[in-house]
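Engineer: fold the following.
(2 chains)
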Amino acid sequence: MLDIKFIRENAELVQKAIRDKRMNIDLKALLLVDEELRLKQVEMEQLQAERNQKSKLIAQARPEERDALKAQVATLKPRLEQLETEVRQLTEQFEQAMLLVPAPARADVPIGRDDSENVEVKTWGTLPSFDFDIKDHMALGEALDIIDTKRGVKLAGSRSYVLKGYGAQLEQAVLRLTQDHLLRKGFTQLSIPVLVKEEAMQGTGYFPSGREQAYLVERDELVLVGTAEVSLTSYHSGEILKEEQLPIRYMAQSSCFRREAGTYGKDTAGLYRVHQFQKIEQVIISRADTEDSDKLHTELLTNAEEILQALELPYRVVYVCTGDLGQGQVRKHDIETWMPSRKAYSETHSCSTFHDFQARRLKLRYKDKQGQNVICYTLNNTAIATPRVLIPLLECHQQSDGSIRIPKALRPYMNGLELIPAPRSL
RNA sequence: GGAGAGAUGGCAGAGUGGUCGAAUGCACAUCCUUGCUAAGGAUGCGUCUGGGUAACUGGACCGAGGGUUCGAAUCCCUCUCUCUCCGCCA
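Structural biologist: As a prediction, this is how the structure comes out:
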């Protein structure tokens, strides 16, 4: 959420953000509501002041004078009640509209329609070349009996899967490597709820606009998170932190749930787009300082890159254009890892800077050295998401006989295993 | 699932219709005093928000929402959460 004062003073900039992010929001209507609300509020408060003042007189008055005074105050009531109702309605309208206003992107973010206009800023590693016909991760997974989508679908419907044997071990290995990496970097690990209140979804910016993407547990008014970011960023909501505490680095592993509404027919095969997956997320809560925030953004990005490097997976980093930016995101870098079967780099990580957009919604603040309460800045990035990362891992490290080489860094987490052995049938 | 108790400022804890944004203690901040392993004193110290260059000043907030009243932390209704005991389950 933006500061209404900022919106009033920078209406053109916000209008541009709406355009650049390809959103459909009536900013003028919001500003009109804001203006009317303030007018009514002033009138209401003046009446309240009068009432409060006169009510105090009643308390001091002699008993025989009281009735006359009461009658006098009572005349204020109809107008006051009317105003209170109007203010309540306008406030609700105002708040709903405010939740939809996007944060303007940083000035250097490329303007663009969608992910096709993201700008490559870096590549790492050499693309693997094979002197045999490669298999995709599904063919490999089936042959090795480590990915079972058939029974996954039987159990849980489309976009479901089961990892089995070495497949499940590989997933755990990747997660544990990542966990250790972040712990070494000074992150505090949290084990968090994945079933959360709507407030947390709204606070992090996933609601109301992304509601269709979430699984709702309606009977209990809870929501399954699509990422641990929701719980981590909301963890200190409503609190006033001390400036010395910042920045706070948190990480958590969680199951993530996404309905993938609107993606019917897209990436249906394989492990790329699934309803439930595991992810380790990094979140940083920082001071309201753009320079700090930029440094931390780089830090988050670097952590993720180091993990991919340990996994010996070629990747590139793209600077995400305005049209592919989320409502609250000020800037975002995606890391796309090379997926041989797709003959393309595909998104595996997403590193976002929010400035105070989430923190304002979450009432997440700190007291600065002057004793002022300041809204924090927040950032986050994927550290690893599986099973998606298993796609490049299996495909890039496949051998001609159908076996899979385990990258060195992963072997300690696979009980020293160097190779997922080729299936006997080959 | 059953029975009961409760929710007040960073914490503890008073307040049951008016002068209460809220006693008191602790914590914290600044200053003073004293000097030795710590004490004493003074002042300040919640959040959001409107107006004003400022001094200052209006409004709201005592778990949340609604109601009664000239006036609500205090009375009434609904909800949420916490704690204790019993039951059930992991």
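
Engineer: now stretch A:361-371: mean pLDDT?
Structural biologist: Confidence over stretch A:361-371 (mean pLDDT, whole number) is 84.

Engineer: and it, how far out from the chain's middle?
Structural biologist: What separates the centre of stretch A:361-371 from the centre of its chain is 21 Å, taken as Cα atoms, centre = their mean, to the nearest Å.

Engineer: for it, which positions count as buried?
Structural biologist: Buried positions in stretch A:361-371, judged by neighbour count with 16 or more other Cβ atoms under 10 Å: A:361-362, A:364-366. For every residue, glycine as well, the C-beta is placed using N, CA and C.

Engineer: show me the residues you listed that map onto helices.
Structural biologist: Judged by DSSP state H, helices contain the following of the buried residues of stretch A:361-371: A:361-362.

Engineer: specify which member of the buried residues of stretch A:361-371 is nearest to RNA strand B.
Structural biologist: residue A:365 (6.2 Å; Cβ to the nearest atom of the strand).

Engineer: thinking again about what came up before, how about JSON lines for the buried residues of stretch A:361-371, with distance to RNA strand B added?
Structural biologist: What follows is the buried residues of stretch A:361-371, written out as JSON lines (distance: Cβ to the nearest atom of the strand, whole Å):
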{"residue": "A:361", "distance to RNA strand B": "13"}
{"residue": "A:362", "distance to RNA strand B": "13"}
{"residue": "A:364", "distance to RNA strand B": "11"}
{"residue": "A:365", "distance to RNA strand B": "6"}
{"residue": "A:366", "distance to RNA strand B": "11"}
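
Engineer: between the buried residues of stretch A:361-371, which is closest to residue A:290?
Structural biologist: Closest approach to residue A:290 among the buried residues of stretch A:361-371 (Cβ to Cβ): residue A:366, at 15.8 Å.

Engineer: re earlier: mind putting the buried residues of stretch A:361-371 into CSV with distance to residue A:214?
Structural biologist: As requested, the buried residues of stretch A:361-371 are exported to CSV (distance: Cβ to Cβ, whole Å):
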residue, distance to residue A:214
A:361, 16
A:362, 17
A:364, 21
A:365, 27
A:366, 29
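
Engineer: out of the buried residues of stretch A:361-371, what pair is the most spread apart?
Structural biologist: Of all pairs drawn from these, the greatest distance, 15.9 Å, lies between A:361 and A:366 (Cβ to Cβ).

Engineer: please name the residues that touch residue A:360.
Structural biologist: A:1-3, A:375 (Cβ atoms under 8 Å, 6 or more residues apart in numbering).

Engineer: the residues you listed in strands, which ones?
Structural biologist: Among the contacts of residue A:360, DSSP state E puts residue A:375 in strands.

Engineer: pull out the buried members of the contacts of residue A:360.
Structural biologist: Buried among the contacts of residue A:360 by 16+ other Cβ under 10 Å: A:1-2, A:375.

Engineer: go back to those residues and keep what's next to RNA strand B.
Structural biologist: Contacts with RNA strand B are made by none of the buried ones among the contacts of residue A:360, judged by Cβ under 7 Å from any atom of the strand.

Engineer: pLDDT-wise, what's the bottom of these?
Structural biologist: residue A:1 (87).

Engineer: out of the contacts of residue A:360, what pair is the most spread apart?
Structural biologist: Across the contacts of residue A:360, the longest distance by Cβ to Cβ is 11.0 Å; it joins A:2 and A:375.

Engineer: looking at the buried ones among the contacts of residue A:360, spot the one nearest residue A:180.
Structural biologist: residue A:375 (33.2 Å).

Engineer: in this model residue A:359 seems to touch that closest one, though I could be wrong.
Structural biologist: Yes - using Cβ atoms under 8 Å, residue A:375 makes contact with residue A:359 at a distance of 4.8 Å.

Engineer: residue A:350: neighbouring residues, count only.
Structural biologist: 20 (other Cβ atoms under 10 Å).

Engineer: can you classify it by secondary structure?
Structural biologist: The local conformation at residue A:350, judged by DSSP: H, G, I helix; E, B strand; the rest coil, is strand.

Engineer: what sits opposite it in the beta ladder?
Structural biologist: Beta-bridge partners of residue A:350, counted by DSSP bridges, are residue A:334.

Engineer: mind checking how far it is from RNA strand B?
Structural biologist: Residue A:350 sits 31 Å away from RNA strand B, going by Cβ to the nearest atom of the strand, to the nearest Å.
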